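Visitor: Kindly return the folded structure for what I paste below:
(chains A, B, C and D)
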Protein chains: 2
Amino acid sequence: MKLPKVRGHKDVAQIVRERIRTQCWMPGTLIPSEQNLASEFECSRGTVNRALRDLEASGVVARRKRAGTRVRMNPEGRATLDIPLIKESVKKGGDEYRFAILEQARMQPPAAVRGRMQAATASKMLHLRTLHLAGHQPYIYEDRWINLDVVPEIEKIDLSAISANEWLVRNKPLSKGDIFFTARAATDHDAEALQVTLGTALFVIDRITWADQNAITSVTMAHAPGFRLHTKI
Amino acid sequence: MKLPKVRGHKDVAQIVRERIRTQCWMPGTLIPSEQNLASEFECSRGTVNRALRDLEASGVVARRKRAGTRVRMNPEGRATLDIPLIKESVKKGGDEYRFAILEQARMQPPAAVRGRMQAATASKMLHLRTLHLAGHQPYIYEDRWINLDVVPEIEKIDLSAISANEWLVRNKPLSKGDIFFTARAATDHDAEALQVTLGTALFVIDRITWADQNAITSVTMAHAPGFRLHTKI
DNA sequence: ATTGTTATTATGTATAGACATTATATGTTG
DNA sequence: CAACATATAATGTCTATACATAATAACAAT
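Guide: You can find the predicted model right below:
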């Protein structure tokens, strides 16, 4: 086995990847210990450690103390997804971004939304229906509920100047959230906003954002036909 | 600012998260340098570095040499997606996993597939149409093309015993790939296999897998209604 | 054979120090 | 004022060493 010059942890990771790809180390088997690899590559154990930790993060190997480092059986299991900010992804397509609020009202949410957000029965919420546009084309139809028990301040904000999403991101940073990707047939609201026929297959992203145990906002974004999310592995 | 005892890089990361969440460090602003944080927390720069690199990996901060570490404006932009192995996700739902090959033929791919795979005009490929079942319910309808120029061996494999996907993962590990998530109306093949009416909105995952410059396989997986992909941020 | 104890070993992580890299700031010159 | 050169400060990384932690293996005792 010839050894190209190793300059750093990225080289180590690359060589290990290569050996896995060429079946030198088969899926499921143990690879040599950090010590051994360090001597082979003539670098410190720290460098090998960094390389193997990176490979673990990208799902290539699995590591356990004492048990060693194993080539994963299913190296395609993990992918990092960049969820585009609407504004950015529209601009990247070369179009101008705009949004229009179709409806804004303070009201009680339907039971389904309340359940999803695990909110008290009496919770008052702000309901927003927004259409996001790329140039003059409808791009995303957004249906959002904001829990006023958690963020009462937002009622005083002019949400036609700054989008609710942007305000929340700026003012409630680092909140946890759940994201769901689904497909659904266009409802009448979807159809009207996106100007498609009823029942058209739409790509939908649902997101619920939490501050501790309290749901801040629940949002459903129906994407115009043609939308697709991409990731590499 | 009271300082809980810092024992390691995870504690550092947690404190930084906390300060961002509580608006101590606002989105878009610089946070102190590694040196400063190291003195404040009474640990080495290496520990702070590790913590901040982890926070960068999870999309919380952005770092640039000389320019420092900034709180990201959009901390929700990145998510790690675990792409479920079909077999595993069915088993997790408590059902028995089976699959049935609906069609298997050696043939020339249509132009669309050839283009996607950037394959030579004369390429012969293996075409597979497979239905994956959870118990007795249709779960995923899979339409797959395998490039026989790249993996001729697969023609000799009994693909009713081991799924094509499983064979490829075991025998061509660590290949690169592109994954696309879309929604589409059920075609006649989809409808027949999944037992839904024509035009039903389906969640579709497209994947192309590469060995160097050559496409190994292109697969389209149409999921039965109700399917959803979940991730946390 | 089963259980409990101990030793071993691979990874996990912290430390201090050094040098590399690069974006920014500063100052100089035309 | 603008263009260019230089200094500076932050992150990026490698090194060597040390100790912590956890899973396995080896062995002993029941």
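Visitor: List the contacts of the one residue in chain A that gets nearest to DNA strand D.
Guide: Chain A approaches DNA strand D most closely through A:Gly8 (2.2 Å), counting by C-beta to the nearest atom of the strand. To be clear about C-beta, it is placed using only N, CA and C from the backbone, and glycine gets the same treatment. If a contact means C-beta atoms under 8 Å, 6 or more residues apart in numbering or on different chains, then A:Gly8 has A:Cys43, A:Thr47 as its contacts.
Visitor: So what does it look like in phi/psi?
Guide: Per-residue torsions, A:Gly8: phi -180, psi -170 (degrees, to the nearest 10).
Visitor: The one 4 residues further on now?
Guide: Per-residue torsions, A:Val12: phi -60, psi -50 (degrees, to the nearest 10).
Visitor: sec struct for the residue nearest to it when sequence neighbours are not counted, please.
Guide: Of all residues not flanking A:Val12 in the chain, A:Ala51 sits nearest, at 3.7 Å (C-beta to C-beta, 6 or more residues apart in numbering or on different chains). With DSSP: H, G, I helix; E, B strand; the rest coil as the basis, A:Ala51 sits in helix.
Visitor: Tell me which residue is most central in chain A.
Guide: A:Ile83 (4.5 Å; C-alpha atoms, centre = their mean).
Visitor: Give me the pLDDT for that one.
Guide: What the model reports as pLDDT for A:Ile83 is 81.
Visitor: Repeat that for A:Pro4.
Guide: What the model reports for A:Pro4 is a pLDDT of 61.
Visitor: Hmm, A:Val169 is touching B:Gly77, no?
Guide: No. The pair A:Val169 / B:Gly77 is not scored as a contact, 9.4 Å apart, by C-beta atoms under 8 Å.
Visitor: Compare those two (neighbour count), which wins?
Guide: Just comparing A:Val169 and B:Gly77: by other C-beta atoms under 10 Å in any protein chain shown the higher neighbour count belongs to A:Val169, 21 against 16.
Visitor: Now the more buried one, what are its backbone angles?
Guide: Dihedral pair for A:Val169: phi -60, psi -40, per degrees, to the nearest 10.
Visitor: For it, which non-adjacent residue is closest in space?
Guide: Excluding the flanking residues, the one nearest A:Val169 by C-beta to C-beta, 6+ apart is B:Asn74, at 5.7 Å.
Visitor: Regarding that neighbour, what is its secondary structure?
Guide: Here B:Asn74 is recorded as coil under three-state DSSP.
Visitor: just to revisit the earlier point, how close does the residue of chain A closest to DNA strand D get to A:Ala215?
Guide: Look at A:Gly8 and A:Ala215: by C-beta to C-beta, to the nearest Å, they are 44 Å apart.
Visitor: go on, A:Ala112?
Guide: Taking C-beta to C-beta, one finds A:Ala112 at 13 Å from A:Ala215.
Visitor: out of these two, which sits in the busier spot?
Guide: For A:Ala112 versus A:Ala215, neighbours defined as other C-beta under 10 Å are more numerous around A:Ala215 (25 against 9).
Visitor: ok, what's across the strand from that one?
Guide: Going by DSSP bridges, A:Ala215 is paired in beta bridges with A:Trp210.
Visitor: pretty sure it contacts A:Met117?
Guide: Yes. Taking C-beta under 8 Å as the definition, A:Ala215 is a contact partner of A:Met117 at 3.6 Å.
Visitor: Now do the shared contacts for those two.
Guide: A:Asn147, A:Ile208.
Visitor: Near DNA strand C, which residues of chain A are found?
Guide: A:33-35, A:45-46, A:49, A:52-53, A:56, A:63-66, A:68-69 (C-beta under 7 Å from any atom of the strand).
Visitor: Mind checking which of the residues you listed land in helices?
Guide: Using DSSP state H, the subset of those located in helices is A:Glu34, A:Gln35, A:Arg45, A:Gly46, A:Asn49, A:Leu52, A:Arg53, A:Glu56.
Visitor: Now list the buried members of those residues.
Guide: With burial judged by 16 or more other C-beta atoms under 10 Å in any protein chain shown, the buried subset of those is A:Glu34, A:Asn49, A:Leu52.
Visitor: can you redo those residues as CSV with pLDDT?
Guide: Converted to CSV, these look like this (pLDDT from 0 to 100):
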residue, pLDDT
A:Glu34, 98
A:Asn49, 98
A:Leu52, 98
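Visitor: Around DNA strand D, pick out the residues from chain A.
Guide: With C-beta under 7 Å from any atom of the strand as the criterion, chain A meets DNA strand D at residues A:7-10, A:42-47, A:50, A:64-67.
Visitor: just those now: which is nearest B:Met107?
Guide: Taking C-beta to C-beta as the measure, A:Lys10 is the one of these closest to B:Met107, at 42.0 Å.
Visitor: helices or strands up against the helix or strand that closest one falls within?
Guide: If you go by DSSP states H and E, A:Lys10 is part of helix A:9-21. For helix A:9-21, the elements it packs on are helix A:34-41, helix A:45-57, judged by 3 or more C-beta pairs under 8 Å, 6 or more residues apart in numbering or on different chains; DSSP states H and E.
Visitor: and with 6 Å instead?
Guide: Applying 3 or more C-beta pairs under 6 Å, 6 or more residues apart in numbering or on different chains; DSSP states H and E, we find helix A:9-21 packed against helix A:45-57.
Visitor: Which elements pack onto the helix it packs on?
Guide: For helix A:45-57, the packing partners by 3+ C-beta pairs under 6 Å, 6+ apart come out as helix A:9-21, helix A:34-41.
Visitor: Pick the most buried one from those.
Guide: Greatest average neighbour count among these goes to helix A:9-21 (a mean of 18), per mean count of other C-beta atoms under 10 Å in any protein chain shown.
Visitor: now the angle from that one to helix A:34-41?
Guide: Going by axes from the mean of the first three to the mean of the last three C-alpha atoms, to 10 degrees, helix A:9-21 is angled at 100 degrees with respect to helix A:34-41.
Visitor: Now do helix A:9-21: everything it contacts.
Guide: Residues from elsewhere that reach helix A:9-21 (C-beta atoms under 6 Å, 6 or more residues apart in numbering or on different chains): A:Trp25, A:Phe41, A:Thr47, A:Val48, A:Arg50, A:Ala51, A:Asp54, A:Leu55, A:Val71, B:Pro173, B:Leu174.
Visitor: could you dump these to a markdown table with distance to A:Ser89 and pLDDT?
Guide: Output for these, formatted as a markdown table (distance: C-beta to C-beta, whole Å; pLDDT from 0 to 100):
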| residue | distance to A:Ser89 | pLDDT |
| --- | --- | --- |
| A:Trp25 | 39 | 96 |
| A:Phe41 | 41 | 96 |
| A:Thr47 | 37 | 98 |
| A:Val48 | 38 | 98 |
| A:Arg50 | 33 | 98 |
| A:Ala51 | 33 | 98 |
| A:Asp54 | 28 | 96 |
| A:Leu55 | 30 | 96 |
| A:Val71 | 36 | 96 |
| B:Pro173 | 33 | 79 |
| B:Leu174 | 30 | 73 |
